[in-house]
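K.L.:
Attaching a predicted model along with its sequence, questions to come.
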Amino acid sequence: MESYHLIENENVKEIIDVITKEENMGVNTLKKIWWVALRRGKIRWNYKLWMIFDFASTIVMILTYFFISFIIIPDELVKAGYTRDYFTFALIGIAFNHYVSSSIRGLARTLRFEQYFGTIESILSTPTSFVVIFAGEMLFYFMYSTAFLISAIAVGIVLGAKFVITPYTIITTIILVILMVLSNLPIGILSAAMVLKFKQGNPIAWALTWINYFFSGTYFPIHLLPIQIRLIALALPLTFSLDALRRTLMKGDTLITTVVLTDAAILMIFIIAILPLTSLIFKKVYNQARKTGTLSQY
Amino acid sequence: MRCFKLTSESEVIKLLESEKVSRTSKIFLFIRRIIAIIYMQLKILMSYKMQLFLDLLDVIINVLIYFFLAILVDPTKLAELGYSSDYLAFSITGIALSRYIWNSIARISHRMQREISIGTFESIVTTDTKLSTWVIGQSFFGFIWSSLWFFGTLIAGYLVGAKLTTNPILITEGLLIVLLTVIVHFGIGIMMAGMSILHKQIETLLFVFAVLIEFFGGVLYPLGLLNKYPILYYLAQAFPFTHGLEAFRKIMILGYPITHPAVYTKIFALLAFLPIFFLSFIVLEHYYEEARKRGELSSY
């Protein structure tokens, strides 16, 4: 790990050198990914206040649902197969939904940002592959969102959320989070392609965030939805991710439990079926933008 | 009305630039300029059809989320806390008013920040039009656009079963409360817009303000629950929005008239914040003059 570290006083310029100079072509890809992530981290660090407020707003949202839980009748939660604790139910929904949306939307947001300020062409014309640069960007957003997620859960525990924490549930949760991220990644890739194509924010990611909030059962169990609407919910990977995570963290179920295993298998199907397709779409849009010279237009 | 009609962008620009105006037509010109700015913004907005569609989707999904959440809420507990047993009506009145206020406030400084970042702010303030006229024009448009969101949410909520009053007199009284709440918060918006001329990235502060309004205003939960935590309860009373929303809910959900003690006490509390409105223009001018002296009108 030592070689991946940049000492505190080193300049961002050194990181830029690594990705731009020809003589650095031989640098280990993993190291490049790490440095791109570090570059984004250093930029973000300049907006400390923004980071604090971003965190504070999620905490306030958790507090809001903490108060709402006082007026909830938990019978419907039990019918859905969870415990009677609405606050823990909502906390898992809010924290993991935020995790998915902020990490997945990071890619499109970065692209739009670079596009708007005219730096995208310079970055993408360096000898470093765009896959490496985007992997680095994604790595940063995942690290940032993970720190965020852990803090949100810690705040929830302080407020009285009840989690079943055993070595088995922790391992199951880690596997489910990886599956959740990979199965939702196509949405991020698709919205990044939208940014390249239409030069607009990222309406797909924005709309899907709201659709996820409603259909995937962030605030209420999806069995309350009418059957026709429930079909849309079943087309979203987040629905299965949240169901499996809630069963694991609220009831102590693990991957050897049929329901959690089924959820995990469905997430695998999403990954195998959709991830390659969206990667292909992005590649096509990216190559088209390069050929037509519209990469830097905004 | 013919004289208010605008036909093209060039006419809008001409209106903002014109210098030679007789005294008698000054007020008339002021109104025309406000309309010109609204017209210009509408033209820009109509070119973002996708944005319009997403806003509509936002309204529908928001209402549906609280429709289903309402199934989980215990109506007796809600009624015990001083409202009706209808959580859907409770939550949609809360989100409609909070979003209305937030969008309107945020819009003023967003627009100002945008003009600064694309380099057009300096040109706008060097026209004959006063900065406050430009800000009022921007704000009027912001309020018109937010009003669509506000009424859209209430109507969508009503259509899915929220029990809101249909009495025209009570609705008018409810709208008066909204107007008063808007005026108080309009002042806050103008102050923040003024600050954004000099301190630029004011978005974070706006963001915090929106979050605090939503939490302390009791948008999604009855404020009575804060009684268990007195510090939070008293903090909530320091927000003008809390009083505006409480009065609006008493009228729209419980059907109380404006003369009911539960409503007029909230109106008095809201009126106590009214000086903010008058103070805001002084703050705006102060920051504008300061930025002009420092030559930072176009830096971002």
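P.N.:
It's in. Predicted, not measured: the structure shown is a model, and the values here were computed from it. Numbering: from 1, shown residues only, chains lettered A, B, ... in the order given.

K.L.:
And the one helix or strand B:Leu64 maps to, what's buried?
P.N.:
Using DSSP states H and E, the element containing B:Leu64 is helix B:49-72. Within helix B:49-72, the residues that count as buried by 16 or more other C-beta atoms under 10 Å in any protein chain shown are B:54, B:57-59, B:62-70, B:72. (Glycine included, C-beta is placed from N, CA and C.)

K.L.:
now the helix or strand A:Leu139 falls within, how far from the centre of its chain.
P.N.:
Assigned by DSSP H and E, A:Leu139 belongs to helix A:130-159. In this view, helix A:130-159 has its centroid 8 Å away from the chain centroid, taken as C-alpha atoms, centre = their mean, to the nearest Å.

K.L.:
what's the answer for stretch B:65-74, then?
P.N.:
Distance, stretch centre to chain centre, for stretch B:65-74: 26 Å (C-alpha atoms, centre = their mean).

K.L.:
hmm, it touching chain A?
P.N.:
Yes: using C-beta under 8 Å from any C-beta of the partner chain, stretch B:65-74 reaches chain A at B:Ile65, B:Phe68, B:Leu69, B:Ile71, B:Leu72, B:Val73, B:Asp74.

K.L.:
Also stretch B:180-200?
P.N.:
No: among the residues of stretch B:180-200, none lie within reach of chain A under C-beta under 8 Å from any C-beta; the closest is 11.7 Å away.

K.L.:
Can you name the residues that contact residue 214?
P.N.:
Here I'm looking at chain A. Taking C-beta atoms under 8 Å, 6 or more residues apart in numbering or on different chains, we find A:Phe214 in contact with B:Ile61, B:Leu64, B:Ile65.

K.L.:
other chain: chain B
P.N.:
A:Val60, A:Thr64, B:Ser98, B:Leu220.

K.L.:
do you know how far it is from B:Val208?
P.N.:
From B:Glu214 over to B:Val208 the distance is 11 Å, taken as C-beta to C-beta, to the nearest Å.

K.L.:
what's the answer for A:Phe55, then?
P.N.:
Plainly put, A:Phe55 is 11 Å away from B:Val208 if you go by C-beta to C-beta.

K.L.:
now do A:Arg39
P.N.:
Here the distance between A:Arg39 and B:Val208 works out to 28 Å (C-beta to C-beta).

K.L.:
Settle it for me: which of these two has more neighbours?
P.N.:
Shown here are A:Arg39 and B:Val208; by other C-beta atoms under 10 Å in any protein chain shown, A:Arg39 has more neighbours (21 against 16).

K.L.:
The more buried one contacts A:Gly136, correct?
P.N.:
Yes: at 7.4 Å, A:Arg39 counts as touching A:Gly136 under the criterion of C-beta atoms under 8 Å.

K.L.:
Which stretches in the stretch 51-200 of chain B count as helices?
P.N.:
Using DSSP state H, counting those that start in this stretch, the helices of the stretch 51-200 of chain B run over residues B:75-80, B:87-117, B:121-125, B:131-159, B:168-199.

K.L.:
With mean pLDDT added, can I get those in JSON lines?
P.N.:
Listed next are the helices of the stretch 51-200 of chain B as JSON lines, based on pLDDT from 0 to 100:
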{"stretch": "helix B:75-80", "mean pLDDT": "88"}
{"stretch": "helix B:87-117", "mean pLDDT": "80"}
{"stretch": "helix B:121-125", "mean pLDDT": "67"}
{"stretch": "helix B:131-159", "mean pLDDT": "78"}
{"stretch": "helix B:168-199", "mean pLDDT": "85"}
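
K.L.:
any idea which of the ones you listed is most buried?
P.N.:
For the helices of the stretch 51-200 of chain B, average neighbour numbers computed from mean count of other C-beta atoms under 10 Å in any protein chain shown are highest in helix B:87-117, which has a mean of 23.

K.L.:
Quick one: distance of the helix ranked longest in chain A to the chain centre.
P.N.:
Scanning chain A for the longest helix, with DSSP state H as the assignment, gives helix A:258-292. Chain-centre distance of helix A:258-292: 14 Å, with C-alpha atoms, centre = their mean.

K.L.:
didn't B:Ser98 look like it was pressed against B:Gly244?
P.N.:
No: B:Ser98 lies out of contact with B:Gly244 (C-beta under 8 Å); the separation is 9.8 Å.

K.L.:
For my notes, please list the contacts of A:Phe214 in CSV and give distance to B:Leu148 and pLDDT for each entry.
P.N.:
CSV is the format used below for the contacts of A:Phe214 (distance: C-beta to C-beta, whole Å; pLDDT from 0 to 100):
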residue, distance to B:Leu148, pLDDT
B:Ile61, 16, 85
B:Leu64, 18, 89
B:Ile65, 20, 90
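
K.L.:
What is the nearest of these to B:Gly194?
P.N.:
Ranked by distance to B:Gly194 (C-beta to C-beta), those are led by B:Ile61 at 34.5 Å.

K.L.:
my read: that closest one touches A:Ile211, true?
P.N.:
Yes: B:Ile61 is within contact range of A:Ile211, at 7.1 Å (criterion: C-beta under 8 Å).

K.L.:
in stretch B:279-287, what counts as buried?
P.N.:
By neighbour count on 16+ other C-beta under 10 Å, the buried set for stretch B:279-287 is B:Ser280, B:Phe281, B:Val283, B:Leu284, B:Tyr287.

K.L.:
Sorry, slip of the keys, the one I care about is stretch B:231-245.
P.N.:
By 16+ other C-beta under 10 Å, the buried positions in stretch B:231-245 come out as B:Leu232, B:Tyr233, B:Ala236, B:Phe239, B:Pro240, B:Phe241, B:Thr242, B:His243, B:Gly244, B:Leu245.

K.L.:
So which of those is the closest to chain A?
P.N.:
Of all these, chain A sits closest to B:Leu232, with 8.9 Å by C-beta to the nearest C-beta.

K.L.:
Where does the closest one fall, secondary structure wise?
P.N.:
helix B:230-237.

K.L.:
for that helix, packing partners?
P.N.:
Contacts defined by 3 or more C-beta pairs under 8 Å, 6 or more residues apart in numbering or on different chains; DSSP states H and E place helix B:230-237 against helix B:203-216.

K.L.:
Just the C-alpha atoms of the helix it packs on, please, in PDB.
P.N.:
Output of helix B:203-216 as PDB, limited to C-alpha atoms (Å, rounded to 0.1, in the frame of the first residue of the first chain):
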ATOM      1  CA  GLU B 203     -25.500  27.300  -2.600                       C
ATOM      2  CA  THR B 204     -24.300  25.400   0.400                       C
ATOM      3  CA  LEU B 205     -26.000  27.900   2.700                       C
ATOM      4  CA  LEU B 206     -29.200  27.700   0.700                       C
ATOM      5  CA  PHE B 207     -29.000  23.900   0.900                       C
ATOM      6  CA  VAL B 208     -28.700  24.000   4.700                       C
ATOM      7  CA  PHE B 209     -31.500  26.400   4.900                       C
ATOM      8  CA  ALA B 210     -33.800  24.100   2.900                       C
ATOM      9  CA  VAL B 211     -32.900  21.100   5.100                       C
ATOM     10  CA  LEU B 212     -33.500  23.100   8.300                       C
ATOM     11  CA  ILE B 213     -36.800  24.400   7.000                       C
ATOM     12  CA  GLU B 214     -37.900  20.900   6.300                       C
ATOM     13  CA  PHE B 215     -36.800  19.500   9.600                       C
ATOM     14  CA  PHE B 216     -37.700  22.300  12.000                       C
END
